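In: Sequence and predicted structure below; questions after.
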Amino acid sequence: MKLWAGRFKKELDPTTNDFNRSLPFDSRMYRSDIEGSIAHATMLGECGIIPTEDKEKIIAGLEGILSDIESGKLQFDDVSEDIHTFVEAELTKRIGDAGKRLHTARSRNDQVALDIRLHLRHECDELVAMLKNLISVLGNKAEQYSETVMPGYTHLQRAQPIVFGHQLLAYAEMFMRDIDRIKDCKKRMNVSPLGSAALAGTTYPLDREKVAKLLEMNGVTRNSLDGVSDRDFVLELASAMSIIMVHLSRFAEEIILWSSFEFKFIELDDAFSTGSSIMPQKKNPDIAELVRGKSGRVFGDNMALLTAMKAIPLAYNKDMQEDKEAIFDAIDTVEKCLAAFTPMLDTMKVNAKNMRKAAAGGFINATDCADFLVSKGLPFRDAYKATGELVARCIELSTTLEELPLEEYIKVCDLFDDEVYKAIDLDKCVSDRTVYGGPAPSQVKLQAAELKKRVNDI
Ligand code: ARG
C-alpha cells in the first residue's frame, strides 16, 4: 500500500514501480535514515509536538529496526519505494499508531536531503582515513629513498637529477590537498535541512537547531527551498573524488612505466601483479592499470551528477533521486582503488641501481655544467650555449659529460678547469639543491618529517 493511497484509486503498475523505486540502492543509507529519524522524534517529543510516550516508543522501535537490519534479521523487501518508506512502514508494523506520528512536520524531501548528507559525511571521514594511510606510506618511503638518485623528467625526457623520495613526496602533496578538499566540502555538507519539510517549511514549532545538535551537525540550512533542493555537496564530493582519481591515475601511469622492462625502476610484489595466460615471462601491473582505467568511471559519475542537477526547477524533483547511484559508485570506486593502491605501493621493490644508471646516462647534469661557467662569471645564456656544444660533442664521441676529457671542455670555453668534474657529479648536483621544497636528500628528509607531523595533525 502506497503512502498516498488515499488520493489514488489504483496501485502503481509493477514495472513502473520498479522504475520509480530507489530502495535497491538507497537502502545503504539505512543507518543515516534511522539516526535522522531518532533525532527528529526526540525533538518532536521535547517540543511537545508528539506525546513523550510516543517519542519513546518511536526511538525504541527505530533502534530495534537498526539492530535487526545490522544482524540480518530484517531484510529489505522487493516492493517498498525507498529506505524512508521501508523504515516508516516497518516501524508502524512494530509499534502501531505511535509510528504514524514520526513523519509529523517532515517530508521525504527534507528527509532524503538529511540522509544523504549524513551518509556522505561518514564517507568523507572514510576517504580521509584512507588518504592518510596512503600519505603515511609515501612519507615512510620518501624517507627510505631520500638518497636514491633518479632522473627527474619533463616531456618524459630525462631532465635533472632528483631523488626517488622527492618524486613520492610530490604525490603526497596532491593527496594532502585532496584531504583538504574533502574536509572543506564536508563543512558545507554538515548542516541540517530538516524543518524545510516538502519545500515551504512547517507551521509546527520545531527546534531545528536541536536536531542539528543531536546529529552533531554544524547548524541548519537557511532557506527551505534550498534546503530540499541543494545537492552542491554531492557535486563537490564527486569533483573532489575526480581529482583524487586524476592523482591516482597519474601515479598509476608512472608505476606502469617504472615497472616496464624499459625502465626497470621498480618491481611490484607478486601479490599485486598478474601473469599472462599465454606468455610465461609476463608480470603485469594490472592493479595500476585498473586504477588508471577506473578514473574514467568516476569522471563519468561526476558528469552524470552535474547533468542530472542542471535545469531542475526549485524545489524537489524526482531527477534528484539519480544522485545516489552516481555518488555511491564514485565512492565505491575511489575506495576500492585506494584499498588496492596503498598496499601495492607499500610492497613494491625499488631498483636503486637502475634509477641511478638512468640518471647518469642522459646529460641530466648539463644545467649544473652551465651553472659552473656562471660561477666563473659567464652570463647564463652563453654558459647554456657552451654546454650545449659540449653535449653535442659527447654524443659525437659516444661519451658522457663526466668522461669527456678536460681538453674538450677547454676547446669550447677556456673558463673550464678540473673543478668542473666535481660540479657535475650526480650526487653533488642533487645534494646542492637544498632550496625549500627541492630534491636534496637533506630537504627530502625534512619534508618527510614535516609530512608525518602534518598527517598526524589532520
Ligand atoms: N527516493 C527519493 C529520492 O531519493 C526520496 C524523496 C522522495 N520525495 C518525493 N517527493 N517523491 O530522492
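Out: Everything's here; your move.

In: Per-residue pLDDT of the closest residue to Pro343 other than its chain neighbours, please?
Out: For Pro343, the nearest residue in space outside its immediate sequence neighbours is Phe272; the separation is 6.8 Å by CB to CB, 6 or more residues apart in numbering. Heads up, the C-betas are built off the backbone N, CA and C, glycines and all. In this model, Phe272 is scored at 88, pLDDT.

In: Quick check: which ranges of the chain have low pLDDT?
Out: Screening the chain residue by residue with the criterion pLDDT under 70, one finds the ranges 1.

In: Quick check: Asp207 vs the ligand, distance?
Out: Note on Asp207: its distance to the ligand, by CB to the nearest ligand atom, to the nearest Å, is 24 Å.

In: quick one: contacts for the residue nearest to Pro343?
Out: Going by CB atoms under 8 Å, 6 or more residues apart in numbering, Phe272 touches 287, 340, 343-344, 347-348.

In: residues from the stretch 301-450 of the chain in reach of the ligand?
Out: In this structure, the stretch 301-450 of the chain approaches the ligand at residues 316, 318, 320-321, judged by CB under 6 Å from any ligand atom.

In: which among these gets closest to the ligand?
Out: Gln321 (3.7 Å; CB to the nearest ligand atom).

In: Could you measure from the residue lying closest to Ala352 once chain neighbours are set aside over to the ligand?
Out: Spatial nearest neighbour of Ala352, excluding adjacent residues (CB to CB, 6+ apart): Thr148 at 4.7 Å. Using CB to the nearest ligand atom, one obtains 51 Å as the distance from Thr148 to the ligand.

In: Isn't Thr148 up against Lys353?
Out: No - with contact taken as CB atoms under 8 Å, Thr148 and Lys353 are classed as non-touching, separated by 9.7 Å.

In: Give the residue from those two that has the larger number of neighbours.
Out: The neighbour comparison of Thr148 against Lys353 (other CB atoms under 10 Å) goes to Thr148, with 24 against 11.

In: OK, contacts around the more buried one?
Out: Taking CB under 8 Å, 6+ apart as the contact definition, Thr148 lies against 163-165, 350, 352, 355-356.

In: Near the ligand, which residues of the stretch 101-250 of the chain? Just list them.
Out: Along the stretch 101-250 of the chain, the residues adjacent to the ligand under the rule CB under 6 Å from any ligand atom are 108-109, 112.

In: and with 5 Å instead?
Out: Contact residues of the stretch 101-250 of the chain with respect to the ligand, defined by CB under 5 Å from any ligand atom, are listed as 108, 112.

In: Tell me which residue in the stretch 151-300 of the chain sits closest to the ligand.
Out: Closest contact between the stretch 151-300 of the chain and the ligand, by CB to the nearest ligand atom, is at Ala198 (7.1 Å).

In: nearest residue to that residue other than its sequence neighbours?
Out: Taking CB to CB, 6+ apart as the measure, Ala198 lies nearest to Ser107, with 3.8 Å between them; neighbours along the chain are not counted.

In: need the contact list for Asn302.
Out: When the contact criterion is CB under 8 Å, 6+ apart, the partners of Asn302 are 235, 238-239, 241-242, 326, 330.

In: List the residues that contact the residue of the stretch 151-300 of the chain closest to the ligand.
Out: For Ala198, the residues meeting the contact criterion (CB under 8 Å, 6+ apart) are 107, 109-110, 228, 315-316.

In: Pick the one among those closest to Lys100.
Out: Ser107 (15.2 Å; CB to CB).

In: Is it correct that the closest one is in contact with Ala197?
Out: Yes - in this structure Ser107 lies within contact range of Ala197 using CB under 8 Å: 4.7 Å.

In: helix, strand or coil for Gly152?
Out: Three states are possible here, and by DSSP: H, G, I helix; E, B strand; the rest coil the one that applies to Gly152 is strand.

In: Surely it touches Gln160?
Out: Yes - look at Gly152 against Gln160 with CB under 8 Å: they come within range, at 5.1 Å.

In: shared neighbours of these two, anything?
Out: Shared contacts of Gly152 and Gln160, counting by CB under 8 Å, 6+ apart, come down to Ile364.

In: Counting by contacts, list what the top helix by length along the chain packs against.
Out: Ranked by residue count, the top helix of the chain under DSSP state H comes out as helix 108-144. Using 3 or more CB pairs under 8 Å, 6 or more residues apart in numbering; DSSP states H and E, the elements in contact with helix 108-144 are helix 30-46, helix 83-95, helix 164-189, helix 224-229, helix 232-258, helix 323-346, helix 441-456.

In: most packed of the ones you listed?
Out: Among the helices and strands packed on helix 108-144, helix 30-46 has the highest mean neighbour count (mean count of other CB atoms under 10 Å), at a mean of 23.

In: between that one and helix 83-95, how many degrees?
Out: In this structure, helix 30-46 runs at an angle of 60 degrees to helix 83-95, with axes from the mean of the first three to the mean of the last three CA atoms, to 10 degrees as the basis.
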